[in-house]
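Colleague: sequence and predicted structure are below.
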Amino acid sequence: MKILFVIRDMFMGGAGKQLALTASSLIERGHKVYLYTYIGASLEHRIDSRIIYIAEKNVPTSKLKEYLFTPFHIHRVINQVKPDIAISWRANAGCMLVLGAIGTGVSTVFSERSDPYMETNMMLKVATKICDYSDGGVFQTSKARDYYHRLSPKSVVIPNPVGLDLNFPKIENIESRKKEIAWVGRIANRQKRMDIALKAFQIIHKQLPDYTLSFYGDGVDMQWIKKMVADLNLQNYVFFHGAKKGIVDIIKYSRILMLSSDYEGIPNIIIEAFIAGIPVVATDCSPGGARLLIDNGRNGFVVPMRDYKSLAAQCVKVIEDPKLSNGFIQQSRTKLKLFEPQGIFKAWNEYLMKIGDSNHFMKESN
């Protein structure tokens, strides 16, 4: 089949990374794959060289123009490529694709990569309603799928795979690691809640004064969070390293990973922490991605969302108990077997073939 992926951009981040892995896997299964971005030509993820990358040249200069003109751009690309299936990645692209595909006859598949329940932006709330009119959907959790009442019966739940580009490094001795708590993600507080991480670390620091907190990531709230660090007088213990490629090889020397988000899809960084061999303490972020990965008390800890006191307490518990840490690490490696790429991408291929066959049948009937 000829498959077109549509995403807003391919900047550094979990959504783009998962698209790159999925698209590359479909190339390996004999499909012809195109990737279209409508905001920016920067390709910050490695993709198979056989994927045909199309970056929009007429990039909208405002949000209003993005919503007004992008569907027409997508319509043009669909008519040029003539795909059997077009797959949108995230709600913004999902909305644009449904509108842009009108009159083309192409089957549209929407892949939600975040949490629709937590969306407060009015334009994106409207976008999720339009996504509901896609021909099919792929979701990371059943709760995310169930948000889309019209689309849900035609959709499947397929979690993220363990990255194909990641090796399983040797597990570093837990007691000889850096006294560092790692936090990895986009510096955007509405979702990632760095403020909760800092409040938790403030408590941890009083009990474990030798420990530091390292933020790996960039984003719009960088200056705001640095001011909060200064206000809490933690400048000598909290460090900002920017976004890093090859994060597994960086955090494998950390003592623990802290995730403080209010919402995620399936958090890629938890999977990467499992690969790196570091224990994880995470908030129970909506719509359930962290809980899908972590069996509480068996391969990590999940604490109530925004409960920085519990987040701190469980981090201290893990740090002070090497036996518990090693147990979490071993169980996490076992958990990863459920997310092996071969099975995940087989499910993707089978679902898309089903959608493609259905579309072919409809065309033949007409």
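Modeller: Sure thing, it's come through.

Colleague: surely Phe239 is in a strand?
Modeller: Yes. Per DSSP: H, G, I helix; E, B strand; the rest coil, Phe239 lies within a strand segment.

Colleague: show me what contacts it?
Modeller: Thr212, Leu213, Ser214, Phe215 (CB atoms under 8 Å, 6 or more residues apart in numbering). Backbone N, C-alpha and C define where each C-beta goes, glycine included.

Colleague: adding neighbour count, secondary structure and pLDDT, write the residues you listed out as CSV.
Modeller: Formatted as CSV, the contacts of Phe239 follow (neighbours: other CB atoms under 10 Å; DSSP: H, G, I helix; E, B strand; the rest coil; pLDDT from 0 to 100):
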residue, neighbour count, secondary structure, pLDDT
Thr212, 19, strand, 99
Leu213, 24, strand, 99
Ser214, 18, strand, 99
Phe215, 25, strand, 99
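
Colleague: quickly note the distance from Val157 to Leu208.
Modeller: Between Val157 and Leu208 the computed distance is 39 Å (CB to CB, to the nearest Å).

Colleague: sorry, that was for Ser325
Modeller: Distance from Ser325 to Leu208, by CB to CB: 14 Å.

Colleague: cool, Ser88 as well?
Modeller: Counting by CB to CB, the gap from Ser88 to Leu208 is 45 Å.

Colleague: out of those two, which sits in the busier spot?
Modeller: Using other CB atoms under 10 Å as the criterion, Ser88 and Leu208 rank with Ser88 on top: 28 against 18.

Colleague: contact partners for Ile203?
Modeller: Tyr308, Lys309, Ala312, Ala313.

Colleague: ugh, typo on my part, it should be Ile270
Modeller: Leu257, Leu259, Val280, Ala282, Gly289, Ala290, Leu293, Ile294, Gly300 are the contacts of Ile270 under CB under 8 Å, 6+ apart.

Colleague: ok, 10 Å please
Modeller: 160, 184, 257, 259, 264, 280, 282, 289-290, 292-294, 299-300, 332, 335 (CB atoms under 10 Å, 6 or more residues apart in numbering).

Colleague: among those, which ones are in helices?
Modeller: Gly289, Ala290, Leu292, Leu293, Ser332, Lys335 (DSSP state H).

Colleague: run a quick neighbour tally on the first one.
Modeller: Residues lying near Gly289 (other CB under 10 Å) number 28.

Colleague: wait, doesn't it sit right on Gly265?
Modeller: Yes. With contact defined as CB atoms under 10 Å, Gly289 counts as touching Gly265 (5.5 Å).

Colleague: what do those two both touch?
Modeller: Going by CB under 10 Å, 6+ apart, residues that sit against Gly289 and also against Gly265 are Ser114, Asp115, Gln140, Thr141, Ala144, Pro159, Asn160.

Colleague: where exactly do the strands run in the chain?
Modeller: 2-7, 32-37, 52-55, 85-89, 107-111, 136-139, 155-157, 180-184, 212-216, 238-240, 256-259, 280-283, 301-303 (DSSP state E).

Colleague: turn the ones you listed into JSON lines, columns for distance to Ala230.
Modeller: Formatted as JSON lines, the strands of the chain follow (distance: least, CB to CB, whole Å):
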{"stretch": "strand 2-7", "distance to Ala230": "36"}
{"stretch": "strand 32-37", "distance to Ala230": "37"}
{"stretch": "strand 52-55", "distance to Ala230": "39"}
{"stretch": "strand 85-89", "distance to Ala230": "37"}
{"stretch": "strand 107-111", "distance to Ala230": "40"}
{"stretch": "strand 136-139", "distance to Ala230": "40"}
{"stretch": "strand 155-157", "distance to Ala230": "43"}
{"stretch": "strand 180-184", "distance to Ala230": "17"}
{"stretch": "strand 212-216", "distance to Ala230": "14"}
{"stretch": "strand 238-240", "distance to Ala230": "9"}
{"stretch": "strand 256-259", "distance to Ala230": "20"}
{"stretch": "strand 280-283", "distance to Ala230": "24"}
{"stretch": "strand 301-303", "distance to Ala230": "26"}
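
Colleague: quick one: pLDDT of Gly163?
Modeller: As predicted, Gly163 sits at a pLDDT of 57.

Colleague: swap in Val138?
Modeller: pLDDT, read off for Val138, is 97.

Colleague: and the residue nearest to it when sequence neighbours are not counted, bridged to which residues?
Modeller: Spatial nearest neighbour of Val138, chain neighbours left out: Ser111 (4.5 Å); criterion: CB to CB, 6 or more residues apart in numbering. Ser111 has the following beta-bridge partners by DSSP bridges: Trp89, Val138.

Colleague: just to check, Ser111 is in contact with Tyr148?
Modeller: No. If you go by CB under 10 Å, Ser111 and Tyr148 don't touch, sitting 11.5 Å apart.

Colleague: overlap in contacts, these two.
Modeller: Counting by CB under 10 Å, 6+ apart, the common neighbours of Ser111 and Tyr148 are Ala91, Gly94, Cys131, Ser134, Gly137, Phe139, Ser155.

Colleague: good, we can wrap up now.
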